[in-house]
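Enquirer: here is my input, please return the structure:
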Amino acid sequence: MVKIGLEIHGYLNTKEKLFCNCKAIHGAKFSEPNTNICPICTGQPGAKPMLPNKNAIDKSIQICLILDCIINPKFIWQRKHYNWPDLPKGYQNTISGTYAIPIGEKGKFSGINITEAHLEEDPASWNPQTGEIDYNKSGYPLIEIVTEPDFKNSEQVIEWLKQLIETLKYMKIINKNLGIKVDVNISLPELKGERVEMKNINSLKNIKTALNYEIQRQKKPGESPTIQETRMFDEDKGITIKMRTKEASEDYRFISEPDLPVIRLKKSRIEKIKKSLPETPGEKIKKLIKKYKIEKKYAEILTKKIEIVEFFEKIVEKTNPKLAVRWITEELLRILNYSKKEIDDVEIKPEHFIELLNLIENKILTELKAKEILNKFIPKSFSPKNEIKKYSKISDEKEIEEIIKKVIKENKKAVQDYKQGKKESLNFLLGQVMRYSKKRADYNISKKILEKFLK
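Expert: Residues are numbered from 1 along each chain as shown. The predicted model follows:
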């Protein structure tokens with residue numbers, strides 16, 4: 001039987017780094033190399049860390065609560081020593097180690113036992129090929145979540161990770177742009193092999209490929225490891241490669257950090273954080289189905305992003321729920337996807353969206369014209385009522401008759417084709433009615449009058 005455990009590293013969604021005021025921004029897409037740095041996060045001689053980022057600690061507690069962990073009221077910063085170019089101080093500040101007390105422990109999430117969760121700083125980015133180091137990442141606050149070896153196969157690992165990542169991103173606790181890093185521990189006890197750790201795998205696809213490869217490799221004669229070892233995953237070849245024998249905790253020479261204070265958590269602080277936690281996606285789905293009678297498939301679409309479901313909940317109290325569901329899951333997401341924007345990137349006021357839906361509900365606007373107005377809500381919405389004369393639906397039969405007369409006069413061939421049995425010509429003529437009326441003519445009334453004129 002295969003035993004798999006995970007060490008998941010997620011980038012906390014904070015504005016500043018863990019021990020300095022530098023912006024917590026890194027990656028080629030978001031910043032130039034070595035622009036968000038200072039003497040503290042580059043490990044300059046004599047530089048001392050500032051007090052740890054309170055927001056980072058609070059978000060770590062949030063994660064521990066979501067994982068149903070016991071929250072420890074006191075924890076001590078440690079120095080974890082190792083010599084790599086990406087670690088300018090020669091050690092990493094972390095709440096882990098042989099004698100450390102994690103922020104949270106003995107939890108459970110979606111059927112998998114959680115050993116602990118702790119906070120630490122991220123090293124810099126080192127390119128072994130060029131020797132270049134980017135310190136923008138150095139000091140970024142990381143949460144590390146350690147599971148028990150409860151997983152049995154790669155499929156179970158991937159489904160669980162998806163659920164964890166979606167929950168933490170949904171609740172805005174980890175940075176959605178930076179992804180995760182996972183160390184995967186695997187052993188096959190029936191072969192009496194030792195544990196193998198695969199370091200820093202950064203995508204679900206690679207985790208699955210690495211796991212499946214490593215399981216098959218260890219099953220081959222002579223490949224079962226006799227001592228613990230660390231391996232890397234070669235994405236191009238789809239194989240794992242031995243890096244070194246696995247370090248023991250004493251190799252890191254953990255010592256208490258003399259420049260950082262002991263963190264003591266008051267019970268009132270933990271309770272306040274607990275009360276402020278938003279509903280999880282699962283809880284939100286149940287609420288939407290029960291309270292607003294929404295189909296499960298639409299509830300799942302709404303809850304993929306917390307910004308969308310929060311927007312929906314502001315809208316639905318003052319509009320027809322069925323109309324709100326359709327226009328948010330179909331039309332709003334359509335224009336956001338087309339514009340390659342998130343709802344936070346634009347300024348769509350709930351009151352303007354409510355106005356738009358109520359104008360549709362009261363048959364003042366056609367849906368075609370409402371879609372056209374919604375397209376103009378990017379990047380900033382406006383009150384549809386202020387321009388209602390330009391956009392209001394035409395339901396007056398005499399006004400529609402005048403438009404139809406013009407359409408028939410200017411499209412004699414289409415009229416003749418319809419009378420000769422080409423029914424699709426009716427759709428063409430209706431399209432011309434919509435064009436002349438700037439999509440304001442009531443579709444059903446227009447069709448009825450047009451058919452009468454074409455007899």
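Enquirer: from now on I want contacts and neighbour counts done on CA atoms only, so please keep to that.
Expert: Noted.
Enquirer: strands along the stretch 201-350 of the chain, start to end?
Expert: Here the stretch 201-350 of the chain has its strands, by DSSP state E, counting those that start in this stretch, at 229-234, 239-245, 255-256, 263-264.
Enquirer: for those strands, which one sits closest to Tyr213?
Expert: Closest approach to Tyr213 among the strands of the stretch 201-350 of the chain (CA to CA): strand 239-245, 6.4 Å.
Enquirer: so how far is the closest one off the chain centroid?
Expert: Distance, stretch centre to chain centre, for strand 239-245: 31 Å (CA atoms, centre = their mean, to the nearest Å).
Enquirer: give me the residue ranges of the stretch 201-350 of the chain where confidence is low.
Expert: Counting by pLDDT under 70, the ranges of the stretch 201-350 of the chain that qualify are 226, 246-249.
Enquirer: can you do 90?
Expert: For the stretch 201-350 of the chain, the stretches with pLDDT under 90 are 202, 218-230, 232, 241-253, 278-282, 304-306, 344.
Enquirer: once you drop chain neighbours, what's closest to the residue of the chain most remote from its centre?
Expert: Relative to the centre of the chain, the most outlying C-alpha is that of Lys455, 56.8 Å out, by CA atoms, centre = their mean. Spatial nearest neighbour of Lys455, chain neighbours left out: Lys419 (7.8 Å); criterion: CA to CA, 6 or more residues apart in numbering.
Enquirer: quick revisit: tell me how far the residue farthest from the centre of the chain lies from Lys318.
Expert: 44 Å (CA to CA, to the nearest Å).
Enquirer: next: Lys439.
Expert: Distance from Lys439 to Lys318, counting by CA to CA: 26 Å.
Enquirer: just Val262 next, same as before
Expert: For Val262, the distance to Lys318 - CA to CA - is 50 Å.
Enquirer: run through the helices of the stretch 51-200 of the chain in chain order.
Expert: 54-66, 154-170 (DSSP state H, counting those that start in this stretch).
Enquirer: mind putting the ones you listed in TSV, mean neighbour count, distance to Ala299 and mean pLDDT included?
Expert: What follows is the helices of the stretch 51-200 of the chain, written out as TSV (neighbours: other CA atoms under 10 Å; distance: least, CA to CA, whole Å; pLDDT from 0 to 100):
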stretch	mean neighbour count	distance to Ala299	mean pLDDT
helix 54-66	20	21	97
helix 154-170	17	14	93
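Enquirer: for those helices, which one sits closest to Ile186?
Expert: Smallest distance to Ile186 across these (CA to CA): 10.5 Å, for helix 154-170.
Enquirer: tell me what that closest one is packed against?
Expert: helix 204-219 (3 or more CA pairs under 8 Å, 6 or more residues apart in numbering; DSSP states H and E).
Enquirer: go again with 10 Å.
Expert: strand 3-11, helix 54-66, strand 104-109, strand 180-187, helix 204-219, helix 281-292, helix 306-316 (3 or more CA pairs under 10 Å, 6 or more residues apart in numbering; DSSP states H and E).
Enquirer: now tabulate these in CSV and tack on distance to Val415.
Expert: Shown next, in CSV, are the helices and strands packed on helix 154-170 (distance: least, CA to CA, whole Å):
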stretch, distance to Val415
strand 3-11, 64
helix 54-66, 66
strand 104-109, 66
strand 180-187, 62
helix 204-219, 57
helix 281-292, 47
helix 306-316, 44
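Enquirer: near the residue nearest to Asp417 when sequence neighbours are not counted, how many other residues are there?
Expert: Counting by CA to CA, 6+ apart, the nearest residue to Asp417 once its immediate chain neighbours are dropped is Ser425, at 6.5 Å. Neighbourhood size, Ser425 [other CA atoms under 10 Å]: 17.
Enquirer: and Ser425, what pLDDT?
Expert: Looking at Ser425, its pLDDT reads 90.
Enquirer: what's near enough to touch it?
Expert: When contacts are counted by CA atoms under 10 Å, 6 or more residues apart in numbering, Ser425 touches 413-419, 431.
Enquirer: next one: Thr14
Expert: 23-25, 53-56, 59, 140-141, 172-175.
Enquirer: and if you look at Asn13?
Expert: Taking CA under 10 Å, 6+ apart, we find Asn13 in contact with 24, 55-56, 59, 140-142, 168-169, 172-178.
Enquirer: which of the three states applies to Lys385?
Expert: Here Lys385 is recorded as helix under DSSP: H, G, I helix; E, B strand; the rest coil.
Enquirer: my guess is it contacts Leu357. True?
Expert: No. With contacts counted by CA atoms under 10 Å, Lys385 stays clear of Leu357, the gap being 11.4 Å.
Enquirer: with neighbour numbers in mind, choose between these two.
Expert: Set side by side, Lys385 and Leu357 show more neighbours around Leu357, with 22 against 14, by other CA under 10 Å.
Enquirer: doesn't Phe382 make contact with Lys349?
Expert: Yes. If you go by CA under 10 Å, Lys349 and Phe382 touch, sitting 7.9 Å apart.
Enquirer: those two: which is more packed in?
Expert: Taking neighbours as other CA under 10 Å, Lys349 and Phe382 compare with Phe382 leading, 20 against 15.
Enquirer: what residues are up against the more buried one?
Expert: Phe382 neighbours (CA under 10 Å, 6+ apart): 347-349, 351-353, 355-356, 373-374, 376.
Enquirer: which of those has the most neighbours?
Expert: Busiest of the contacts of Phe382 [other CA under 10 Å] is Phe353, holding 25 neighbours.
Enquirer: name whatever forms a beta bridge with the nearest residue to Lys199 once chain neighbours are set aside.
Expert: Spatially, and ignoring its direct neighbours in sequence, Lys199 is nearest to Asp183 (4.5 Å; CA to CA, 6+ apart). Judged by DSSP bridges, the bridge partners of Asp183 are Glu7.
Enquirer: check contacts around Asp183.
Expert: Residues near Asp183 by CA under 10 Å, 6+ apart: 5-9, 146, 197-202, 207, 230-232.
Enquirer: tell me how far it lies from Met198.
Expert: Applying CA to CA to Asp183 and Met198 gives a distance of 6 Å.
Enquirer: what do these two both touch?
Expert: Shared contacts of Asp183 and Met198, counting by CA under 10 Å, 6+ apart, come down to 6, 207, 230-232.
Enquirer: just give me the closest of those residues to Arg334.
Expert: Of all these, Ile207 has the smallest distance to Arg334: 31.9 Å, by CA to CA.
Enquirer: what's the burial count for that closest one?
Expert: Other residues near Ile207 come to 23 when the count uses other CA under 10 Å.
Enquirer: what's the nearest residue to it if we skip its chain neighbours?
Expert: Ile201 (6.1 Å).
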